[in-house]
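# One predicted model, sequence on top.
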Amino acid sequence: MSFLRRRPGVRTPKQRAGDAAEQAACERLLASGCRILARNVRYREGELDIVAQEGATVVFVEVRLRNDARFGGAAASVDRFKRRRLARAAQHYLMGQFGDKSAGWPPCRFDVITADDRGVGEWIRDAFTERGD
């Protein structure tokens, strides 16, 4: 069924909406004084949407786009499984940037920025700690 294959580089409407949400999240981070270190960093364990720096803290930002809150909305979609995948991807990123753990990594946190069809919504700082993880 070759007719189901997409051409390389062609983005679906859903992917384009996700790209726009990530761009809006970057703009919000920059406006608040953060520096963007990387975007869409992929590892086998997972993907980091945005890696930013706020002061001395490395911030791993998950951008969640949801147009319907029926299933808990964007923030609720970052479940325990997703948080574990993000943590593993963050460890890979830190190893690549700062070397072995024994050398000492900078302070880190995980944030979630939600978005809907109207744009960027809530910025949940230190999101994993607030959820009890």
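Yes, it's here.
# Could you pull out the helices in this structure for me?
Taking DSSP state H as the criterion, the chain contains helices spanning 13-31, 73-76, 80-98, 127-130.
# looking at those helices, which one has the lowest mean pLDDT?
Across these, helix 73-76 has the smallest mean pLDDT, namely a mean of 59.
# just to revisit the earlier point, which one of the helices of the chain lies nearest to L37?
For L37, the closest of these is helix 80-98, at 8.2 Å, according to CB to CB. Where C-beta positions appear, they are placed from N, C-alpha and C, glycine not excepted.
# which other helices and strands contact that closest one?
Helix 80-98 sits against strand 35-43, strand 46-54, strand 57-65, strand 108-116, with contacts defined as 3 or more CB pairs under 8 Å, 6 or more residues apart in numbering; DSSP states H and E.
# can we see that at 6 Å?
Applying 3 or more CB pairs under 6 Å, 6 or more residues apart in numbering; DSSP states H and E, one finds that helix 80-98 contacts strand 35-43, strand 46-54.
# Return the set of buried residues in the last one.
So that's strand 46-54. 46, 48-52, 54 (16 or more other CB atoms under 10 Å).
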